[in-house]
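**Q** just need the structure, nothing else, for what follows:
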Amino acid sequence: MNTVLILGGYGAVGREAAAALTGVPGTRVIVAGRNPGRAAPIPGTTAMRVDAADPADLDRALDGVTTVLMCAEIDNARVARACLKRGIGYVDVSASHDLLAEIGGLDDVARASGATAALSVGLVPGVTNLLARVCAERSPAAELRVGVLLGSGEHHGPAAIAWTLDGLGALDGSWTMNFPVPYGSRVVHRFPFSDQYTLPGTLGVPAVRTGLCLDSRLFTRLLAVAGRPAVARLLRRKGVRSLLLGALARFHFGGDGFAVTVTSGRGGASFSGRRQSRVTGRAAALLIRDLPALPPGVRHIEQLVDPIAFLSELASDGFDLRIDDGP
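**A** Okay, the predicted model is just below:
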């Protein structure tokens, strides 16, 4: 029996992962959070109150668990260390480069206990990392480019919105990328997604640039304005930030579609569909299913799975995968 504890399990990604994991034979799913009574129950799962910020509470919750899926940002490196020291597998969907780098420093701990930690598991990073590996292997080039188009109408939690606002101040440069139908050619603005920092090391590519746009062209232009230093400083003010977070959590404009595209040399690949949280949760569930057979240590997803096989299986769940080897 594989017992999976999902921390932050009542958020959009956690619920998607939990629903997918309940269909995996021999898997017991525990959905955990600080206030499970406030969330709608997830059929086929067990609810548990866990405060991951409390080491004693976390230690109790880990009893009998074989894998932890981290869907929150609550001192993730400490949580990962607690899991790996006990030989418990760890999967993290975080997009924060600093956080992932800190967990990467636990490789010796994981190897010593025979546990596996999988990082960059989701859409961005995650699917983008796998597309990047396909492109880099098939069409090596001096620079690999990643374009991310997100639906501005999808519901995102406060933590995800805050992370995006923080990243706006790091916007630096823009370029055009081609996305699959119905989006077409779009201007993307450089954004500090973690894969542009990790991929040169994991894939050995010389340089990586990642850019962001939204399904709404108007909102994409507003992104560029929000990235200006003066505006970014204003958005970091507590009162302004609080008002904006509340508004963005309450009102949604645009659709829930997404698309990611990667180019290297003359080659390219893309992955698209609806609901970013769904693809992230489903990707995490697939990785957790295969985790017991993967080697111990801390690795990013592109170092652990066959990219074509993984993406093809993920796409069969209602997404679109396209790979172009170029002329």
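
**Q** centroid-nearest residue for this structure?
**A** The residue lying closest to the centre of the chain (Cα atoms, centre = their mean) is Gly122, at 3.5 Å.

**Q** residue contacts, that one?
**A** Val13, Val93, Ala95, Val279, Thr280, Ala283, Ala284 (Cβ atoms under 8 Å, 6 or more residues apart in numbering). (Glycine included, C-beta is placed from N, CA and C.)

**Q** give me that answer again for 6 Å
**A** Val93, Thr280, Ala283 (Cβ atoms under 6 Å, 6 or more residues apart in numbering).

**Q** part of a strand, is the last one?
**A** No: Ala283 sits outside any strand when classified using DSSP: H, G, I helix; E, B strand; the rest coil, being helix.

**Q** got the CA coordinates for stretch 45-59 in PDB?
**A** Only the C-alpha atoms of stretch 45-59 are listed here, as PDB (Å, rounded to 0.1, in the frame of the first residue of the first chain):
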ATOM      1  CA  THR A  45      -9.700  10.200   0.400                       C
ATOM      2  CA  THR A  46      -9.200  10.600   4.100                       C
ATOM      3  CA  ALA A  47      -9.100  14.100   5.700                       C
ATOM      4  CA  MET A  48      -6.500  15.100   8.300                       C
ATOM      5  CA  ARG A  49      -5.800  18.300  10.100                       C
ATOM      6  CA  VAL A  50      -2.000  19.000   9.800                       C
ATOM      7  CA  ASP A  51      -0.200  22.200  10.500                       C
ATOM      8  CA  ALA A  52       3.000  21.700   8.400                       C
ATOM      9  CA  ALA A  53       4.500  24.800  10.100                       C
ATOM     10  CA  ASP A  54       4.500  22.800  13.400                       C
ATOM     11  CA  PRO A  55       7.400  20.200  13.400                       C
ATOM     12  CA  ALA A  56       5.700  18.000  16.000                       C
ATOM     13  CA  ASP A  57       2.400  18.000  14.200                       C
ATOM     14  CA  LEU A  58       4.200  17.200  10.900                       C
ATOM     15  CA  ASP A  59       6.200  14.400  12.500                       C
END
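
**Q** pull the residues that contact it.
**A** Outside stretch 45-59, the residues that reach it (Cβ under 6 Å, 6+ apart) are Leu7, Ala18, Val29, Ile30, Val31, Ala32, Arg34, Pro36, Ala61, Ile74, Val79, Ala82.
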